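K.L.:
okay, sequence plus prediction incoming.
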Amino acid sequence: QVQLTESGGGLVQTGGSLRLSCAASGRTVSRYTMGWFRQAPGKAREFVAAIIWSGGNTDYADSVKGRFTISRDGANNTVYLQMNSLKPEDTAVYYCTARSGVAIIIKPTAYAYWGQGTQVTVSS
């Protein structure tokens, strides 16, 4: 079992920045892919970004490319999502997630482990 604990959400103005953190515990994630999804009210959960822990390969949704950066810290077993140039349409609950394996998959059903979610609100 992998436990994921997110932090770092909040309220920010358009154009601002936030950094989300996700601490993994329970087992080593060296052979895992970790990612971030988000869900806005009335919408389906959507892929934001993911990283293969071992090689550092990353992928992003088109809507966040150039603005968001996913990274990992092996010493602290933590994944980060740096979000810059935030827009009102980025408002959502952001979920950290993990799956066993070294492939980035953008479907939420491929991920077995989820955090509790953290709210990000971008005001216009």
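P.N.:
Perfect, thanks for sending it. Residues are numbered from 1 along each chain as shown.

K.L.:
could I get the contacting residues of residue 63?
P.N.:
Going by C-beta atoms under 8 Å, 6 or more residues apart in numbering, residue 63 touches residue 89. Bear in mind the C-beta positions are built from the backbone N, C-alpha and C, glycine included.

K.L.:
next one: it from residue 6, what distance?
P.N.:
Plainly put, residue 63 is 20 Å away from residue 6 if you go by C-beta to C-beta, to the nearest Å.

K.L.:
surely residue 6 is in contact with residue 21?
P.N.:
Yes - with contact defined as C-beta atoms under 8 Å, residue 6 reaches residue 21; the gap is 6.8 Å.

K.L.:
have a look at those two and say which one is more surrounded.
P.N.:
Per other C-beta atoms under 10 Å, whichever of residue 6 and residue 21 has more neighbours is residue 6, with 21 against 17.

K.L.:
on the strand side of things, show who that one bridges to.
P.N.:
Residue 6 has these beta-bridge partners by DSSP bridges: residue 22.

K.L.:
likewise residue 96?
P.N.:
residue 36.

K.L.:
next: residue 100.
P.N.:
residue 32.

K.L.:
number of residues surrounding it?
P.N.:
Neighbours of residue 100 (other C-beta under 10 Å): 13.

K.L.:
what do you get for residue 87?
P.N.:
For residue 87, using other C-beta under 10 Å, the count is 14.

K.L.:
can you pull the pLDDT of it?
P.N.:
For residue 87, the pLDDT comes out at 98.
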